[in-house]
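Engineer: Here is a sequence together with a model predicted from it:
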Protein chains: 2
Amino acid sequence: MADTRPGGRTARTRAAVHNAVRELFAEGRDQPSVREVSERSGVHEVTIYRRWGRIESLVLDVAVTQLNEEAPFPDSGDLRRDLLDWAHAVAGQVKTREGFALFRALAAATSPLGGDQSGALAADAARYLRQRTAQMRLALDRFAAASGKLVSVAHILDVVLAPIYLRAIFGYEPPDTELEALVDRALATA
Amino acid sequence: MADTRPGGRTARTRAAVHNAVRELFAEGRDQPSVREVSERSGVHEVTIYRRWGRIESLVLDVAVTQLNEEAPFPDSGDLRRDLLDWAHAVAGQVKTREGFALFRALAAATSPLGGDQSGALAADAARYLRQRTAQMRLALDRFAAASGKLVSVAHILDVVLAPIYLRAIFGYEPPDTELEALVDRALATA
(Lines give C-alpha, C1' and ligand atoms only; values in the text may rest on other atoms or scores of the structure.)
Protein backbone atom coordinates (compact mmCIF):
# COMPACT_ATOMS: atom_id res chain seq x y z
CA MET A 1 0.00 0.00 0.00
CA ALA A 2 1.34 3.41 -0.93
CA ASP A 3 2.22 5.72 1.92
CA THR A 4 0.08 8.76 1.15
CA ARG A 5 0.22 10.53 4.52
CA PRO A 6 1.34 14.16 4.31
CA GLY A 7 5.05 13.98 4.88
CA GLY A 8 4.97 10.33 3.84
CA ARG A 9 6.81 8.80 0.91
CA THR A 10 4.31 9.95 -1.72
CA ALA A 11 4.43 13.51 -0.46
CA ARG A 12 8.22 13.44 -0.36
CA THR A 13 8.36 12.12 -3.93
CA ARG A 14 6.01 14.87 -5.08
CA ALA A 15 8.06 17.56 -3.35
CA ALA A 16 11.34 16.25 -4.80
CA VAL A 17 9.91 16.13 -8.33
CA HIS A 18 8.31 19.59 -8.05
CA ASN A 19 11.53 21.09 -6.73
CA ALA A 20 13.49 19.54 -9.59
CA VAL A 21 11.15 21.07 -12.21
CA ARG A 22 11.35 24.49 -10.56
CA GLU A 23 15.12 24.36 -10.33
CA LEU A 24 15.44 23.40 -13.99
CA PHE A 25 13.20 26.31 -15.02
CA ALA A 26 15.08 28.69 -12.74
CA GLU A 27 18.29 27.65 -14.49
CA GLY A 28 16.79 28.60 -17.84
CA ARG A 29 15.80 25.18 -19.16
CA ASP A 30 12.84 25.66 -21.45
CA GLN A 31 11.36 22.20 -21.76
CA PRO A 32 12.80 19.83 -19.17
CA SER A 33 12.49 16.13 -19.97
CA VAL A 34 11.29 13.40 -17.63
CA ARG A 35 14.83 12.03 -17.67
CA GLU A 36 16.30 15.34 -16.47
CA VAL A 37 13.66 15.64 -13.75
CA SER A 38 14.44 12.08 -12.69
CA GLU A 39 18.18 12.72 -12.53
CA ARG A 40 17.73 15.94 -10.60
CA SER A 41 15.16 14.62 -8.13
CA GLY A 42 16.50 11.12 -7.60
CA VAL A 43 12.99 9.80 -8.34
CA HIS A 44 12.83 6.96 -10.85
CA GLU A 45 11.61 7.84 -14.35
CA VAL A 46 8.98 5.11 -14.17
CA THR A 47 7.56 6.60 -10.96
CA ILE A 48 7.25 9.98 -12.67
CA TYR A 49 5.56 8.55 -15.75
CA ARG A 50 3.13 6.50 -13.62
CA ARG A 51 2.13 9.45 -11.50
CA TRP A 52 1.96 12.29 -14.03
CA GLY A 53 1.82 10.64 -17.44
CA ARG A 54 3.71 13.03 -19.64
CA ILE A 55 5.99 15.94 -18.84
CA GLU A 56 3.35 18.55 -19.77
CA SER A 57 1.00 17.26 -17.06
CA LEU A 58 3.77 17.40 -14.49
CA VAL A 59 4.70 20.96 -15.49
CA LEU A 60 1.05 21.99 -15.33
CA ASP A 61 0.78 20.51 -11.81
CA VAL A 62 3.86 22.47 -10.74
CA ALA A 63 2.59 25.70 -12.33
CA VAL A 64 -0.81 25.49 -10.67
CA THR A 65 0.71 24.58 -7.29
CA GLN A 66 2.98 27.60 -7.51
CA LEU A 67 0.10 29.92 -8.39
CA ASN A 68 -2.11 28.62 -5.60
CA GLU A 69 0.60 28.75 -2.99
CA GLU A 70 2.32 32.00 -3.91
CA ALA A 71 -0.45 34.08 -5.44
CA PRO A 72 -3.79 32.94 -3.98
CA PHE A 73 -6.59 35.45 -4.35
CA PRO A 74 -6.67 37.18 -0.94
CA ASP A 75 -9.82 37.56 1.11
CA SER A 76 -9.60 40.56 3.42
CA GLY A 77 -13.04 41.90 2.55
CA ASP A 78 -11.45 45.01 0.98
CA LEU A 79 -11.60 44.33 -2.77
CA ARG A 80 -9.24 47.10 -3.82
CA ARG A 81 -6.59 45.96 -1.38
CA ASP A 82 -7.10 42.30 -2.31
CA LEU A 83 -6.73 43.05 -6.02
CA LEU A 84 -3.60 45.06 -5.37
CA ASP A 85 -1.99 42.35 -3.23
CA TRP A 86 -2.84 39.73 -5.81
CA ALA A 87 -1.51 41.85 -8.69
CA HIS A 88 1.75 42.36 -6.79
CA ALA A 89 2.09 38.63 -6.16
CA VAL A 90 1.45 37.73 -9.81
CA ALA A 91 3.76 40.46 -11.14
CA GLY A 92 6.52 39.38 -8.76
CA GLN A 93 6.13 35.78 -9.87
CA VAL A 94 6.11 36.41 -13.61
CA LYS A 95 9.25 38.57 -13.35
CA THR A 96 11.35 35.57 -12.41
CA ARG A 97 12.59 33.17 -15.03
CA GLU A 98 10.99 30.27 -13.18
CA GLY A 99 7.63 32.02 -12.78
CA PHE A 100 7.61 33.04 -16.42
CA ALA A 101 8.40 29.50 -17.58
CA LEU A 102 5.53 28.21 -15.47
CA PHE A 103 3.18 30.83 -16.93
CA ARG A 104 4.20 29.70 -20.40
CA ALA A 105 3.53 26.10 -19.45
CA LEU A 106 0.12 27.00 -18.11
CA ALA A 107 -0.66 29.02 -21.22
CA ALA A 108 0.41 26.18 -23.49
CA ALA A 109 -1.79 23.75 -21.59
CA THR A 110 -4.82 26.00 -21.23
CA SER A 111 -5.35 27.55 -24.58
CA PRO A 112 -8.06 26.03 -26.75
CA LEU A 113 -5.66 26.93 -29.56
CA GLY A 114 -2.63 25.26 -27.97
CA GLY A 115 -0.73 22.33 -29.38
CA ASP A 116 -2.38 19.72 -27.17
CA GLN A 117 -4.30 17.45 -29.49
CA SER A 118 -5.86 15.16 -26.90
CA GLY A 119 -7.63 17.88 -24.95
CA ALA A 120 -6.92 16.08 -21.66
CA LEU A 121 -4.38 18.65 -20.59
CA ALA A 122 -6.69 21.51 -21.59
CA ALA A 123 -9.47 19.97 -19.49
CA ASP A 124 -7.18 19.74 -16.45
CA ALA A 125 -5.97 23.28 -16.97
CA ALA A 126 -9.51 24.64 -17.38
CA ARG A 127 -10.54 22.96 -14.12
CA TYR A 128 -7.62 24.55 -12.28
CA LEU A 129 -8.40 27.98 -13.69
CA ARG A 130 -12.06 27.65 -12.67
CA GLN A 131 -10.97 26.91 -9.11
CA ARG A 132 -8.84 30.06 -9.16
CA THR A 133 -11.49 32.31 -10.63
CA ALA A 134 -14.07 30.91 -8.17
CA GLN A 135 -12.15 32.56 -5.31
CA MET A 136 -12.19 35.84 -7.19
CA ARG A 137 -15.88 35.54 -8.01
CA LEU A 138 -16.73 35.19 -4.31
CA ALA A 139 -14.88 38.42 -3.54
CA LEU A 140 -16.56 40.20 -6.47
CA ASP A 141 -20.02 39.00 -5.39
CA ARG A 142 -19.45 40.34 -1.91
CA PHE A 143 -18.28 43.63 -3.35
CA ALA A 144 -21.41 43.82 -5.52
CA ALA A 145 -23.66 43.17 -2.51
CA ALA A 146 -21.95 45.94 -0.52
CA SER A 147 -21.48 48.55 -3.25
CA GLY A 148 -24.14 47.73 -5.82
CA LYS A 149 -21.33 47.65 -8.41
CA LEU A 150 -21.07 44.58 -10.61
CA VAL A 151 -17.52 43.60 -11.61
CA SER A 152 -17.00 40.43 -13.65
CA VAL A 153 -14.05 38.08 -13.39
CA ALA A 154 -13.38 38.61 -17.11
CA HIS A 155 -13.15 42.36 -16.50
CA ILE A 156 -10.50 41.86 -13.81
CA LEU A 157 -8.56 39.50 -16.07
CA ASP A 158 -8.76 42.00 -18.95
CA VAL A 159 -7.81 45.11 -17.00
CA VAL A 160 -5.48 43.88 -14.26
CA LEU A 161 -4.01 40.50 -15.20
CA ALA A 162 -3.60 40.90 -18.97
CA PRO A 163 -1.21 43.88 -18.85
CA ILE A 164 0.96 42.16 -16.23
CA TYR A 165 1.42 39.15 -18.49
CA LEU A 166 1.80 41.08 -21.76
CA ARG A 167 4.51 43.25 -20.21
CA ALA A 168 6.37 40.09 -19.21
CA ILE A 169 5.92 38.58 -22.67
CA PHE A 170 6.94 41.58 -24.76
CA GLY A 171 9.09 43.40 -22.22
CA TYR A 172 7.72 46.87 -23.04
CA GLU A 173 7.38 47.65 -19.32
CA PRO A 174 8.35 45.82 -16.12
CA PRO A 175 5.33 43.67 -15.14
CA ASP A 176 4.85 45.54 -11.84
CA THR A 177 4.56 49.03 -13.38
CA GLU A 178 1.77 51.10 -11.81
CA LEU A 179 -0.31 48.21 -10.52
CA GLU A 180 -2.35 50.64 -8.47
CA ALA A 181 -3.43 52.40 -11.67
CA LEU A 182 -4.54 49.07 -13.15
CA VAL A 183 -6.64 48.20 -10.10
CA ASP A 184 -8.20 51.67 -9.95
CA ARG A 185 -9.01 51.49 -13.65
CA ALA A 186 -10.65 48.09 -13.16
CA LEU A 187 -12.86 49.39 -10.35
CA ALA A 188 -13.61 52.70 -12.10
CA THR A 189 -14.57 51.29 -15.49
CA ALA A 190 -16.49 48.25 -14.23
CA MET B 1 25.24 35.80 -57.79
CA ALA B 2 21.96 35.20 -56.00
CA ASP B 3 18.84 36.29 -57.79
CA THR B 4 17.29 38.69 -55.26
CA ARG B 5 14.80 40.47 -57.52
CA PRO B 6 11.24 40.46 -56.20
CA GLY B 7 9.67 37.47 -57.85
CA GLY B 8 13.15 36.02 -58.43
CA ARG B 9 14.47 32.75 -57.09
CA THR B 10 15.26 34.10 -53.63
CA ALA B 11 11.79 35.56 -53.27
CA ARG B 12 10.22 32.31 -54.47
CA THR B 13 12.28 30.32 -51.97
CA ARG B 14 11.22 32.64 -49.17
CA ALA B 15 7.55 32.37 -50.11
CA ALA B 16 7.70 28.56 -50.33
CA VAL B 17 9.38 28.29 -46.93
CA HIS B 18 7.00 30.78 -45.28
CA ASN B 19 3.97 28.99 -46.69
CA ALA B 20 5.27 25.65 -45.43
CA VAL B 21 5.67 27.02 -41.88
CA ARG B 22 2.18 28.54 -41.92
CA GLU B 23 0.62 25.34 -43.23
CA LEU B 24 2.33 23.26 -40.55
CA PHE B 25 1.06 25.62 -37.83
CA ALA B 26 -2.43 25.62 -39.33
CA GLU B 27 -2.40 21.83 -39.14
CA GLY B 28 -1.65 22.00 -35.43
CA ARG B 29 2.10 21.30 -35.43
CA ASP B 30 3.55 23.04 -32.43
CA GLN B 31 7.25 23.21 -33.18
CA PRO B 32 7.96 22.33 -36.82
CA SER B 33 11.50 21.19 -37.57
CA VAL B 34 13.72 22.42 -40.41
CA ARG B 35 13.40 18.95 -41.93
CA GLU B 36 9.60 19.16 -41.99
CA VAL B 37 9.70 22.65 -43.49
CA SER B 38 12.14 21.39 -46.11
CA GLU B 39 9.96 18.42 -47.03
CA ARG B 40 6.84 20.55 -47.23
CA SER B 41 8.38 23.42 -49.21
CA GLY B 42 10.69 21.46 -51.48
CA VAL B 43 13.52 23.80 -50.41
CA HIS B 44 16.74 22.06 -49.39
CA GLU B 45 17.46 21.90 -45.64
CA VAL B 46 20.89 23.45 -46.20
CA THR B 47 19.32 26.44 -47.96
CA ILE B 48 17.00 26.97 -44.98
CA TYR B 49 19.84 26.73 -42.44
CA ARG B 50 22.03 29.12 -44.45
CA ARG B 51 19.33 31.73 -44.76
CA TRP B 52 17.64 31.62 -41.34
CA GLY B 53 20.08 29.83 -39.07
CA ARG B 54 17.82 27.98 -36.70
CA ILE B 55 14.11 27.21 -36.82
CA GLU B 56 13.26 29.84 -34.18
CA SER B 57 14.61 32.63 -36.42
CA LEU B 58 12.59 31.35 -39.35
CA VAL B 59 9.42 31.17 -37.27
CA LEU B 60 10.05 34.68 -35.95
CA ASP B 61 10.45 35.95 -39.53
CA VAL B 62 7.16 34.31 -40.52
CA ALA B 63 5.37 35.69 -37.43
CA VAL B 64 6.53 39.24 -38.02
CA THR B 65 5.74 39.08 -41.73
CA GLN B 66 2.22 37.90 -40.92
CA LEU B 67 1.69 40.70 -38.38
CA ASN B 68 2.98 43.38 -40.73
CA GLU B 69 0.97 42.18 -43.70
CA GLU B 70 -2.30 41.26 -42.02
CA ALA B 71 -2.48 43.60 -39.06
CA PRO B 72 -0.48 46.76 -39.86
CA PHE B 73 -1.35 49.76 -37.73
CA PRO B 74 -3.74 51.74 -39.94
CA ASP B 75 -3.30 55.42 -40.66
CA SER B 76 -6.62 57.07 -41.46
CA GLY B 77 -6.05 60.05 -39.19
CA ASP B 78 -8.97 58.94 -36.98
CA LEU B 79 -7.30 57.30 -33.98
CA ARG B 80 -10.39 55.64 -32.57
CA ARG B 81 -11.22 54.05 -35.90
CA ASP B 82 -7.59 53.03 -36.49
CA LEU B 83 -7.37 51.37 -33.06
CA LEU B 84 -10.62 49.54 -33.66
CA ASP B 85 -9.55 48.27 -37.10
CA TRP B 86 -6.21 47.16 -35.72
CA ALA B 87 -7.82 45.43 -32.71
CA HIS B 88 -10.17 43.56 -35.05
CA ALA B 89 -7.27 42.45 -37.25
CA VAL B 90 -5.21 41.21 -34.29
CA ALA B 91 -8.18 39.47 -32.65
CA GLY B 92 -9.08 37.77 -35.92
CA GLN B 93 -5.52 36.60 -36.35
CA VAL B 94 -5.01 35.22 -32.85
CA LYS B 95 -8.28 33.27 -33.05
CA THR B 96 -6.86 30.98 -35.71
CA ARG B 97 -4.58 28.12 -34.79
CA GLU B 98 -1.93 29.44 -37.16
CA GLY B 99 -2.11 32.98 -35.84
CA PHE B 100 -1.97 31.79 -32.25
CA ALA B 101 1.07 29.60 -32.94
CA LEU B 102 2.82 32.57 -34.51
CA PHE B 103 1.98 34.76 -31.50
CA ARG B 104 3.46 32.09 -29.25
CA ALA B 105 6.60 32.01 -31.37
CA LEU B 106 6.90 35.78 -31.22
CA ALA B 107 6.35 35.74 -27.47
CA ALA B 108 8.96 33.02 -26.98
CA ALA B 109 11.48 35.01 -29.03
CA THR B 110 10.73 38.41 -27.55
CA SER B 111 10.58 37.92 -23.86
CA PRO B 112 13.65 38.90 -21.87
CA LEU B 113 12.63 35.93 -19.72
CA GLY B 114 12.34 33.50 -22.64
CA GLY B 115 14.42 30.43 -23.17
CA ASP B 116 16.77 32.02 -25.71
CA GLN B 117 20.18 32.01 -24.10
CA SER B 118 22.09 33.81 -26.85
CA GLY B 119 19.93 36.92 -26.90
CA ALA B 120 20.29 37.17 -30.69
CA LEU B 121 16.70 36.17 -31.27
CA ALA B 122 15.49 38.57 -28.57
CA ALA B 123 17.41 41.41 -30.24
CA ASP B 124 15.79 40.65 -33.61
CA ALA B 125 12.38 40.42 -32.03
CA ALA B 126 12.82 43.67 -30.12
CA ARG B 127 13.80 45.44 -33.34
CA TYR B 128 10.69 44.15 -35.10
CA LEU B 129 8.47 45.24 -32.23
CA ARG B 130 10.02 48.72 -32.22
CA GLN B 131 9.21 49.05 -35.92
CA ARG B 132 5.60 48.09 -35.18
CA THR B 133 5.21 50.42 -32.24
CA ALA B 134 6.81 53.27 -34.22
CA GLN B 135 3.78 53.30 -36.55
CA MET B 136 1.50 53.48 -33.54
CA ARG B 137 3.56 56.22 -31.92
CA LEU B 138 3.19 58.41 -35.04
CA ALA B 139 -0.59 58.09 -34.86
CA LEU B 140 -0.59 58.81 -31.11
CA ASP B 141 1.61 61.89 -31.58
CA ARG B 142 -0.76 63.25 -34.20
CA PHE B 143 -3.69 62.58 -31.90
CA ALA B 144 -1.91 64.43 -29.07
CA ALA B 145 -1.23 67.42 -31.33
CA ALA B 146 -4.89 67.61 -32.35
CA SER B 147 -6.59 66.81 -29.03
CA GLY B 148 -4.03 67.79 -26.41
CA LYS B 149 -4.45 64.27 -24.98
CA LEU B 150 -1.29 62.24 -24.45
CA VAL B 151 -1.68 58.49 -24.99
CA SER B 152 1.39 56.27 -24.69
CA VAL B 153 2.08 53.15 -26.72
CA ALA B 154 2.37 51.18 -23.47
CA HIS B 155 -1.13 52.33 -22.49
CA ILE B 156 -2.57 51.01 -25.77
CA LEU B 157 -0.73 47.71 -25.35
CA ASP B 158 -2.00 47.41 -21.75
CA VAL B 159 -5.61 48.33 -22.40
CA VAL B 160 -6.32 47.09 -25.94
CA LEU B 161 -3.78 44.47 -26.95
CA ALA B 162 -3.25 42.65 -23.63
CA PRO B 163 -6.87 41.51 -23.17
CA ILE B 164 -7.04 40.23 -26.76
CA TYR B 165 -4.00 38.03 -26.19
CA LEU B 166 -4.91 36.89 -22.65
CA ARG B 167 -8.38 35.84 -23.85
CA ALA B 168 -6.73 33.74 -26.55
CA ILE B 169 -4.27 32.25 -24.06
CA PHE B 170 -6.70 31.36 -21.28
CA GLY B 171 -9.89 31.12 -23.32
CA TYR B 172 -12.07 32.95 -20.77
CA GLU B 173 -13.64 35.02 -23.58
CA PRO B 174 -13.37 35.00 -27.37
CA PRO B 175 -10.50 37.37 -28.28
CA ASP B 176 -12.82 39.72 -30.21
CA THR B 177 -15.28 40.32 -27.34
CA GLU B 178 -16.30 43.99 -27.06
CA LEU B 179 -13.29 45.47 -28.81
CA GLU B 180 -15.08 48.80 -28.99
CA ALA B 181 -15.24 48.90 -25.19
CA LEU B 182 -11.48 48.27 -25.00
CA VAL B 183 -10.70 51.09 -27.41
CA ASP B 184 -13.05 53.50 -25.65
CA ARG B 185 -11.52 52.60 -22.30
CA ALA B 186 -8.04 53.24 -23.70
CA LEU B 187 -9.00 56.70 -24.96
CA ALA B 188 -11.05 57.57 -21.86
CA THR B 189 -8.49 56.57 -19.23
CA ALA B 190 -5.39 57.84 -21.07
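Structural biologist: Thanks, I have the structure now.

Engineer: Which helix in chain A has the most residues?
Structural biologist: Determined from DSSP state H, the single longest helix within chain A is helix A:120-147.

Engineer: next one: that one to chain centre, how far?
Structural biologist: 13 Å (C-alpha atoms, centre = their mean, to the nearest Å).

Engineer: Check stretch A:141-155 too.
Structural biologist: In terms of C-alpha atoms, centre = their mean, the centre of stretch A:141-155 is set 23 Å apart from its chain centre.

Engineer: is any part of it close to chain B?
Structural biologist: Yes - using C-beta under 8 Å from any C-beta of the partner chain, stretch A:141-155 reaches chain B at A:153-154. Every residue, glycine included, has its C-beta placed from N, CA and C.

Engineer: hmm, back to that, of all the residues in the longest helix of chain A, which ones are buried?
Structural biologist: Going by neighbour count (16 or more other C-beta atoms under 10 Å in any protein chain shown), the buried part of helix A:120-147 is A:121-122, A:124-126, A:128-129, A:132-133, A:135-137, A:139-140, A:143.

Engineer: and that helix, what does it pack onto?
Structural biologist: helix A:55-70, helix A:79-94, helix A:97-110, helix A:153-156 (3 or more C-beta pairs under 8 Å, 6 or more residues apart in numbering or on different chains; DSSP states H and E).

Engineer: Looking at the ones you listed, which one is packed in the most?
Structural biologist: Stretch with highest mean neighbour count among the helices and strands packed on helix A:120-147: helix A:97-110 (a mean of 23; mean count of other C-beta atoms under 10 Å in any protein chain shown).

Engineer: avg pLDDT for that helix?
Structural biologist: Averaged across helix A:97-110, pLDDT comes to 79.

Engineer: So which helix or strand of chain A has the lowest pLDDT on average?
Structural biologist: When each helix and strand of chain A is scored by mean pLDDT, DSSP states H and E, helix A:97-110 comes last, with a mean of 79.

Engineer: re the thing from before, how much does the longest helix of chain A deviate in direction from helix A:97-110?
Structural biologist: Angle of helix A:120-147 versus helix A:97-110, following axes from the mean of the first three to the mean of the last three C-alpha atoms, to 10 degrees, is 100 degrees.

Engineer: average pLDDT across helix A:120-147?
Structural biologist: The average pLDDT for helix A:120-147 rounds to 84.

Engineer: close to chain B, is stretch A:88-107?
Structural biologist: Yes - judged by C-beta under 8 Å from any C-beta, stretch A:88-107 comes into contact with chain B through A:94-97, A:100-101, A:104, A:107.

Engineer: what's the answer for stretch A:21-39, then?
Structural biologist: Yes - contact of stretch A:21-39 with chain B (C-beta under 8 Å from any C-beta) involves A:28-31.

Engineer: Okay, and which of the residues you listed map to strands?
Structural biologist: Using DSSP state E, no member of the residues of stretch A:21-39 next to chain B sits in strands.

Engineer: Buried residues, the one helix or strand A:Ala11 maps to. List them.
Structural biologist: In this assignment (DSSP states H and E), A:Ala11 forms part of helix A:9-26. Using 16+ other C-beta under 10 Å as the burial criterion, the residues of helix A:9-26 that qualify are A:13-14, A:17-18, A:20-22, A:24-25.

Engineer: Low-confidence regions, chain A specifically.
Structural biologist: Along chain A, segments meeting pLDDT under 70 span A:1-7, A:111-119, A:190.

Engineer: Try it again at 50.
Structural biologist: Counting by pLDDT under 50, chain A has low-confidence residues at A:1.

Engineer: State the distance from the nearest residue to A:Arg81 once chain neighbours are set aside to chain B.
Structural biologist: For A:Arg81, ignoring the flanking residues on the chain, the nearest one in space by C-beta to C-beta, 6 or more residues apart in numbering or on different chains is A:Pro74 at 7.7 Å. Counting by C-beta to the nearest C-beta, to the nearest Å, the separation of A:Pro74 from chain B is 20 Å.

Engineer: helix, strand or coil for A:Pro74?
Structural biologist: On the three-state scheme (DSSP: H, G, I helix; E, B strand; the rest coil), A:Pro74 is labelled coil.

Engineer: What are the phi and psi values at A:Ser33?
Structural biologist: phi -100, psi 160 (degrees, to the nearest 10).

Engineer: quick one: it and A:Arg40, what's the gap?
Structural biologist: Shown here: A:Ser33 relative to A:Arg40, a distance of 11 Å by C-beta to C-beta, to the nearest Å.

Engineer: Neighbour count: those two, which is higher?
Structural biologist: Counted by other C-beta atoms under 10 Å in any protein chain shown, A:Ser33 and A:Arg40 do not tie: A:Arg40 has more neighbours, with 18 against 12.
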